[in-house]
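> please work out how this folds:
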Amino acid sequence: MANERSFPAALNEQIANEFGAAMQYIGAAVYYDAETLPRLAAFFYRQAAEERTHAMMMIQYLLDVDEEVRVPDISSKQTRFDDGVAPVRMALEQEERVGEEIYRLFELARESRDYRAEQFMQWFVKEQVEEVALMQDLLNIVERSKDNLLLAEDFIARETLGEDGGDDPTAPPPAGGG
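Just a heads-up that it's a prediction; the model follows:
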């Protein structure tokens with residue numbers, strides 16, 4: 001195997017990445033809240049909660065397979081941006097990066113013949129496709145309405161962008177989720 005890193009060690013790193021993504025989404029939400037754009041703020045607060053849930057799913061998996069869980073330190077995140085488009089552009093880049101991280105974890109599970117881990121990662125692969133598409137859609141919307149972000153607010157309200165997350169019965173259970 002070209003990659004000697006263990007899946008549990010890599011998943012612990014991804015837990016830190018997921019918590020970091022959650023905190024950065026809070027930073028974007030704070031920016032939009034300060035700009036009195038409540039629908040964009042709410043969108044990013046929801047995204048933050050979703051990223052935290054992903055981290056908690058990974059924690060539960062490690063607990064279930066009797067592996068060590070490392071709770072990461074989180075550095076401060078950006079809350080100031082040059083304009084109303086920048087937080088969404090950052091979010092799309094973040095989702096693309098997380099997607100690559102998820103795909104590497106899936107590959108690591110497969111290469112190491114860790115079938116439990118490979119099965120666990122399948123949901124995250126599907127989820128990242130949806131997350132990147134959602135952020136690309138939002139970026140298209142805010143770029144088109146950058147001179148008046150109230151138009152983006154109206155779109156989000158009308159289309160309930162990002163609110164259809166609901167309960168996915170195929171999602172792994174999060175730690176502490178009952």
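
> residues of the lengthiest helix in the chain that come out buried?
Secondary structure of the chain per DSSP state H: the longest helix is helix 115-144. For helix 115-144, a neighbour-count test (16 or more other CB atoms under 10 Å) marks 117-118, 120-121, 123-124, 127-128, 131-132, 134-135, 137-139, 141-142 as buried. All C-beta spots, glycine's among them, are computed from the backbone N, C-alpha and C.

> contacting residues for Ala42?
Shown in contact with Ala42 (CB atoms under 8 Å, 6 or more residues apart in numbering): Ala29.

> for stretch 29-36, buried residues please.
Neighbour count says stretch 29-36 has Ala29, Val30, Tyr31, Tyr32, Asp33 buried, by 16+ other CB under 10 Å.

> what is the least confident helix or strand in this structure?
helix 150-159 (a mean of 93; mean pLDDT, DSSP states H and E).

> can you tell me how far the residue nearest the centre of the chain is from Glu111?
What sits nearest the mean C-alpha location of the chain, by CA atoms, centre = their mean, is Glu51, with 4.1 Å. Computed as CB to CB, to the nearest Å, the Glu51 to Glu111 distance reads 26 Å.

> repeat for Phe120
Relative to Glu111, Phe120 is positioned 15 Å away (CB to CB).

> hang on, the earlier thing: I'd say the residue nearest to the centre of the chain and Glu18 touch.
Yes. The pair Glu51 / Glu18 is scored as a contact, 5.2 Å apart, by CB atoms under 8 Å.

> related to what we said a few turns ago, please produce TSV containing the buried residues of stretch 29-36, extended by secondary structure and distance to Gln14.
TSV is the format used below for these (DSSP: H, G, I helix; E, B strand; the rest coil; distance: CB to CB, whole Å):
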residue	secondary structure	distance to Gln14
Ala29	helix	22
Val30	helix	24
Tyr31	helix	26
Tyr32	helix	27
Asp33	helix	28
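
> nearest to Asp83, of those?
Tyr31 (10.1 Å; CB to CB).

> pLDDT value on the closest one, please?
pLDDT recorded at Tyr31 is 97.

> contacting residues around it?
By CB under 8 Å, 6+ apart, the contact set of Tyr31 is Thr79, Arg80, Phe81, Pro87.

> drop anything exposed from the residues you listed.
For the contacts of Tyr31, buried by 16+ other CB under 10 Å: Phe81, Pro87.
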